[in-house]
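Enquirer: need coordinates for the following:
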Amino acid sequence: MNFCSRTSIDAQEPCAGTGVRAQAYVFLPVPKKVWHHYEMNLHWASQAELDAVRAARQAGVVTRLYNPPSDANEDAPILVHARGDPAGDFLQPVLAMFGRRWRVDVVGRPRLAICTHGTRDRCCAKFGFAAYQAARKLYESGVSAFEPIESSHLGGDRFAATGIFFPSGSMYAHLDAVDLGALCNAEAGGQLDPQQYRGRVFDPPIAQVVRAGLARAGLVNDASAPLGLVAHGPLEMEASIGGGRYRVELKLADLEFYGSCSALAATTPSQGRRRVFVQAEQLDG
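Expert: Numbers count the residues shown, from 1 in each chain. This is a model prediction of the structure:
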């Protein structure tokens, strides 16, 4: 059996710049048995609630489901992770709607959301769940500070096992194929691992590419520090982060990939073009 995520690994597809951007992520405690192929469905939600989810997305809020622990019963909360104020006005409509059903947790404790949405793509079932189990063992043994949650579709089947570390917002591909313990330690220390880094979900795509590139070049490794960019052309940037300034060179890469296992089975690849990191140099100090 072929898997789109293994094809992506074999092709060494660049991941940086594919983090699914949002101002905030909201995770609703809905049992996995009712996720089905599309998690936002009438098996668990009213039409008004689904309309609220769509409106929230337009305001920059990504709403996903997480599988509540079996011992949580009705006490599992809505989990909120935001770039800025978790009580911001842009969040209030969706939280007010779902706050009628569940309490809201805006504390933003360290968490690792891993897509295990197996009815969406078999890669998420096989590799996502394996990564979740590994993350659970690391957390329960005290090796990792990040409590793992089983999330519905996070975006990019071919990147399974996909996960997002909070509060940094670092999104990674192929978590089952990395040293997860070392990655958890890096994120706990405020750093990222550029190996399978998709990007900080609170940054725009070009900033995700630059943040990963600076770490890969060994110049600055910071998972969440503010990153300023000034374009000197479509493929040349000046980046400011942590008090330093850097000239960054990018290039355009033409890509061919299979977006899902069904696309791989049908031999229907997708075409794309993405800016990728080439090199960087420090401009001061």
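Enquirer: and the contacts of stretch 206-225?
Expert: 16-19, 165, 167-170, 187, 190-194, 197-200, 202-203, 227, 229, 237, 239, 241-242, 244, 246, 248, 250, 275-280, 282 (C-beta atoms under 8 Å, 6 or more residues apart in numbering). Bear in mind the C-beta positions are built from the backbone N, C-alpha and C, glycine included.
Enquirer: report the buried residues of that stretch.
Expert: Neighbour counts over stretch 206-225 (16 or more other C-beta atoms under 10 Å) mark 206-217, 219-224 as buried.
Enquirer: can you pull out the strands in the stretch 1-150 of the chain?
Expert: Using DSSP state E, counting those that start in this stretch, the strands of the stretch 1-150 of the chain run over 24-29, 61-66, 78-82, 104-105, 111-115, 147-151.
Enquirer: oh, I was asking about the stretch 151-285 of the chain
Expert: According to DSSP E, counting those that start in this stretch, the stretch 151-285 of the chain carries its strands in the segments 163-166, 170-172, 197-200, 228-231, 236-241, 244-257, 270-282.
Enquirer: turn those into TSV, including mean neighbour count.
Expert: Putting the strands of the stretch 151-285 of the chain into TSV (neighbours: other C-beta atoms under 10 Å) gives the following:
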stretch	mean neighbour count
strand 163-166	27
strand 170-172	27
strand 197-200	26
strand 228-231	12
strand 236-241	18
strand 244-257	15
strand 270-282	14
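Enquirer: contacting residues for residue 104?
Expert: 77, 78, 80, 95, 98.
Enquirer: surely residue 53 touches residue 39?
Expert: No - Residue 53 lies out of contact with residue 39 (C-beta atoms under 8 Å); the separation is 9.7 Å.
Enquirer: who has more neighbours, the two?
Expert: residue 39 (23 against 20; other C-beta atoms under 10 Å).
Enquirer: flag the shaky bits of the stretch 51-200 of the chain, pLDDT-wise.
Expert: 71-74, 87 (pLDDT under 70).
Enquirer: do you have the helices of it handy? List them.
Expert: Along the stretch 51-200 of the chain, counting by DSSP state H, counting those that start in this stretch, helices occupy 92-98, 122-123, 129-140, 180-188.
Enquirer: nearest to residue 157, out of these?
Expert: Residue 157 sits nearest to helix 122-123 of all the helices of the stretch 51-200 of the chain, at 5.7 Å, using C-beta to C-beta.
Enquirer: ok so, going back, return the most buried member of the strands of the stretch 1-150 of the chain.
Expert: strand 111-115 (a mean of 28; mean count of other C-beta atoms under 10 Å).
Enquirer: who does that one pair up with?
Expert: Strand partners for strand 111-115, identified by DSSP bridges, are recorded as strand 147-151 (parallel), strand 163-166 (antiparallel).
Enquirer: which residues does it contact?
Expert: Here strand 111-115 has contacts from 25, 27, 64, 66, 79, 81, 124, 128, 131-132, 135, 144, 146-154, 160-166, 175, 184, using C-beta under 8 Å, 6+ apart.
Enquirer: quick one, it and strand 78-82 angle?
Expert: Going by axes from the mean of the first three to the mean of the last three C-alpha atoms, to 10 degrees, strand 111-115 is angled at 110 degrees with respect to strand 78-82.
Enquirer: can I get strand 111-115 in CSV? Just the C-alpha atoms.
Expert: Taking C-alpha atoms only, strand 111-115 is exported to CSV below (Å, rounded to 0.1, in the frame of the first residue of the first chain):
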residue,chain,number,x,y,z
ARG,A,111,0.2,21.4,24.0
LEU,A,112,1.0,19.4,20.9
ALA,A,113,-2.0,19.0,18.6
ILE,A,114,-1.5,16.0,16.2
CYS,A,115,-3.8,15.2,13.4
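Enquirer: how far out from the middle of the chain is that strand?
Expert: Its chain's average C-alpha position is 8 Å from that of strand 111-115, according to C-alpha atoms, centre = their mean, to the nearest Å.
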